[in-house]
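Engineer: Sharing a model that was predicted from the sequence below.
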Amino acid sequence: MKFDLSLAGFALFLIVAASGWFFRWSDKQKFSREQAITQAEAAAEKKVNEARDFNHLLNNQKQIS
């Protein structure tokens, strides 16, 4: 039985390509997860800032009247 190098090379190519695709996909997932966390933090900070600004305006109106 002869060992076919072209078949072995093709199998090695498939393994390397699949692992590359997997690691690229996992990096994309990590990036999108980090991006979602950053957006959620920004939204929460914006909500807190808006509430603080509203309370400042409310207190200013109370002081004026």
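Structural biologist: Noted; the coordinates are in hand.
Engineer: Roughly how far does Ala36 sit from Ala42?
Structural biologist: From Ala36 across to Ala42, the span is 11 Å (Cβ to Cβ, to the nearest Å). (Each C-beta comes from the backbone N, C-alpha and C, glycine too.)
Engineer: Give me the pLDDT value at Met1.
Structural biologist: Met1 is assigned a pLDDT of 52 by the prediction.
Engineer: same thing with Gln61?
Structural biologist: At Gln61, pLDDT is 92.
Engineer: Checking it next. Helix, strand or coil?
Structural biologist: Three-state assignment for Gln61 (DSSP: H, G, I helix; E, B strand; the rest coil): helix.
Engineer: tally of neighbours for it?
Structural biologist: By other Cβ atoms under 10 Å, 9 other residues sit near Gln61.
Engineer: same thing with Ser32?
Structural biologist: Neighbours around Ser32, by other Cβ under 10 Å: 10.
Engineer: Could you tell me how many residues sit around Val48?
Structural biologist: 10.
Engineer: so where does Val48 fall, helix or strand?
Structural biologist: Take DSSP states H and E as the rule and Val48 turns out to sit in helix 5-64.
Engineer: and that helix, how far from the chain's centre?
Structural biologist: In terms of Cα atoms, centre = their mean, to the nearest Å, the centre of helix 5-64 is found 2 Å from the chain centre.
Engineer: Next one, pLDDT for Gly56 please.
Structural biologist: That one is not Gly; residue 56 is His. pLDDT recorded at His56 is 95.
Engineer: do you know how far it is from Val48?
Structural biologist: Noted for His56: a distance of 13 Å to Val48, by Cβ to Cβ.
Engineer: got it, and Ala8?
Structural biologist: 60 Å.
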